[in-house]
Structures are given as C-alpha cells and as structure tokens.
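how does the following fold in three dimensions:
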Amino acid sequence: MTTVTSTQRARARTVSTVPVVECLDVPITAHTRDSAALHVLHLAHLNREARRGRTDAFATMRGSDVHLCNAYTLALADRDTELQSVLRSASLNLPDGQSVVWASRLLHRSTALPGTRVYGPDLLLDVFALSQNTDLRHYLLGSTPDVLDALHRELRRRYPRTRITGTCSPPFRPLSAQELRQQAEDIRAAGADIVWVGLGTPKQDRWAADLCAELPVVAVAVGAAFDFIAGTKRQAPTWMQHNGLEWLFRLGCEPRRLWRRYVFGNARFLWGVTWQATVGGSTASPRTVHGKGPCDAGHPTGPSARVPEAR
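Residues are numbered from 1 along each chain as shown. Next up is the predicted model:
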C-alpha cells in the first residue's frame, strides 16, 4: 500500500481549492505563483505513482500537459479551433499574462481571484527549487543548442541538487514521424518526469499535448523562459510586468518579429474579452469546467485525442 505523506496531502488540498474560470472559452486555473508550482509537482508525483510497478506504463498511460496562457495565446486560440481544442482538453492552463488575470477578474467578479499572474520563468525556477533533493527528473526541450547549454549551466548553478536527465534542441521545422518517435524514445530513456517545452506559441502547446499523448510525463509549455533564465534575452523591468506592459518592452526589443503578434493579437484579445463581458457572458462556473469538479483538476488527464504534428 502507498503511504500518503503530509506533503502530498497539502499539495492535494492546494490543488482542489483553486477556482477554474473561462477566458475566451479557455479554462484558466486561477493559481498564485506558489500554488501553481505545487500543482505541477502534484501532477508529476501522480504520474510517477501511476507508473510505479507498471512495466507497460510508458506505452499505455497519458501524461499531463500544462500551458502558460497570455493574451496572445488566447487570441490565437480564439481563431484557431485546433489550438483551442488543445487548451480546452489540457490538464492545466495558467494565467501567464497580467492581462489574462485582469480579464478573468472582470469576467468573474463574483469569484475571488488572485491579482497576480503565474510567470513562466518563475514557475520553472520554483519547480526546480522545490524538486531539489527529490527523485523527480527534468528534461529541457526547445530553443537552440547554445541557449540550452546556457540554461543547463544556470540551472545547475542555482539548483545543484535537482536532477536534469536530458536536453534536446529540435530543428526549426516540422519533424517527421520517425523523428517524433525518436524524440519520445529519448525522453522515455531519460526517465523524465517533467519536460519543459520552450518552442514558442502555438508550436509548444501542440508539442506538449503530443508528448502527453505518447508518454506519462508532465509537459510544461513555458515560452521564452529558456532565453530569460539563460540570460540570452532581457526581461522587462518588474514595474512593467506588474502593470501589464511586458508586451511593450518585448516589442521594443524585437519589433520586426513581434509587431504583428502584439498589434493584432492584443486587439483580438480585447475584442474577445469585451464580447464575453457584454454579449457572451461568463461561460463557465468558477468551480467546475467541462464536467470536472475541483478535485479533478489535480489528476493527470491529458488531451482526449492525439493532436496533429506541430506546425
């Protein structure tokens, strides 16, 4: 019989009491920074416990996909039904953008929601810190070889007692079926519990869902967290992050690459929130989404169907 520790009970209580609300038809779990890290660890331990003693676990079990959602993510999902399906069937969606936090509070004023976001780089660092001196294994997937090397060194420096069992920088193109199978095999061979996916939205979201359809792991789509922690890109000043202006800082740093994202993406997000607030109304109960009770939010569910190869 498996013994349930006080730490595991505390994680389960934290997960079960967090409200889930919808923003632009995507369920968002209204975590704080601290409770989000505990939820990811909870999913990792659930998957690990479910695998224990099962020799066929990696062939038959699904994992848990976690997505960091900002205004751009939700704007894309608002016009991309495939991405929206990925997010609606995900194990956990977190409010990465401050504008998503504000929109959720506006749309669900009768529910007490946190006023701060769950920032992707903070989540990665917090989970690494909490998993020190445990047997949880991390795998880093995404970005370039140089960024991955810098990220690996920085994480080793900060958290020397956390286990990183593998890294992979996939090519910047769709992978063949053989390449996808080899990638899954590499992650399986590494014995990874948590796979951090830094490939950019929406590619990383589809990739994370694909991984969880193949492997009983937690796959977390964390966007530019790899670059920020590795020090290859500058982060916005704290005051800009807290006031929802990180997008403006990033636009100033990379105008050619990001101007379409923020000009059109922000406009679509604002329009969608306005529509939901004035015409569409609040589309979900703050405590139950898609038939899931609050306790179900902690279970590794994974996507209901295999998601096509990331584009």
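
check which element follows the helix or strand of the chain with the lowest mean pLDDT along the chain.
The least trusted helix or strand in the chain, going by mean pLDDT, DSSP states H and E, turns out to be helix 57-60, with a mean of 52. Note on helix 57-60: by DSSP states H and E, the next helix or strand toward the C-terminus is strand 64-69.

next, the buried residues of that next one.
Ser64, Asp65, Val66, His67, Leu68, Cys69 (16 or more other Cβ atoms under 10 Å). Any C-beta I mention is one placed from the backbone N, CA and C, and that applies to glycine too.

show residues contacting whichever helix or strand comes after that strand.
Following strand 64-69 in sequence order, the next helix or strand is helix 71-79 (DSSP H and E). If you take Cβ atoms under 8 Å, 6 or more residues apart in numbering as the criterion, helix 71-79 is touched by 23-26, 67, 83-84, 87, 96-97, 99-100, 201-202, 205, 247, 261-262, 264-266, 268-269, 272.

okay, the angle between helix 71-79 and strand 64-69?
110 degrees (axes from the mean of the first three to the mean of the last three Cα atoms, to 10 degrees).

in helix 71-79, what's buried?
For helix 71-79, the neighbour count (16+ other Cβ under 10 Å) marks Ala71, Tyr72, Thr73, Leu74, Ala75, Leu76, Ala77, Asp78 as buried.

next: stretch 27-40.
Under 16+ other Cβ under 10 Å, the buried positions of stretch 27-40 are Pro27, Ile28, Thr29, Ala30, His31, Ser35, Ala36, Ala37, Leu38, His39, Val40.

in helices, which of those fall?
Of the buried residues of stretch 27-40, the ones assigned to helices by DSSP state H are Ser35, Ala36, Ala37, Leu38, His39, Val40.

between those, which is nearest Ala112?
Ala112 lies nearest to Ser35 out of those, by Cβ to Cβ, at 13.6 Å.

so the closest one touches Thr29, yeah?
No: contact criterion Cβ atoms under 8 Å: Ser35 and Thr29 do not qualify, at 9.0 Å.

between these two, which contacts overlap?
Shared contacts of Ser35 and Thr29, defined by Cβ under 8 Å, 6+ apart, comprise Val18.

Trp207 touches Gly198, doesn't it?
No: using Cβ under 8 Å, Trp207 makes no contact with Gly198, being 10.0 Å away.

mutual contacts of these two, please.
Common neighbours of Trp207 and Gly198 (Cβ under 8 Å, 6+ apart) are Leu141, Ala221.

if we only consider the buried residues of helix 71-79, which is nearest to Ser104?
Looking across those and measuring by Cβ to Cβ, the closest to Ser104 is Leu74, at 10.4 Å.

report pLDDT for the residue nearest to that closest one when sequence neighbours are not counted.
Sequence neighbours aside, Leu24 is the residue nearest to Leu74 in space, at 4.5 Å (criterion: Cβ to Cβ, 6 or more residues apart in numbering). Per-residue pLDDT puts Leu24 at 95.

for Leu24, grab the count of nearby residues.
Residue neighbour count, defined by other Cβ atoms under 10 Å, stands at 26 for Leu24.
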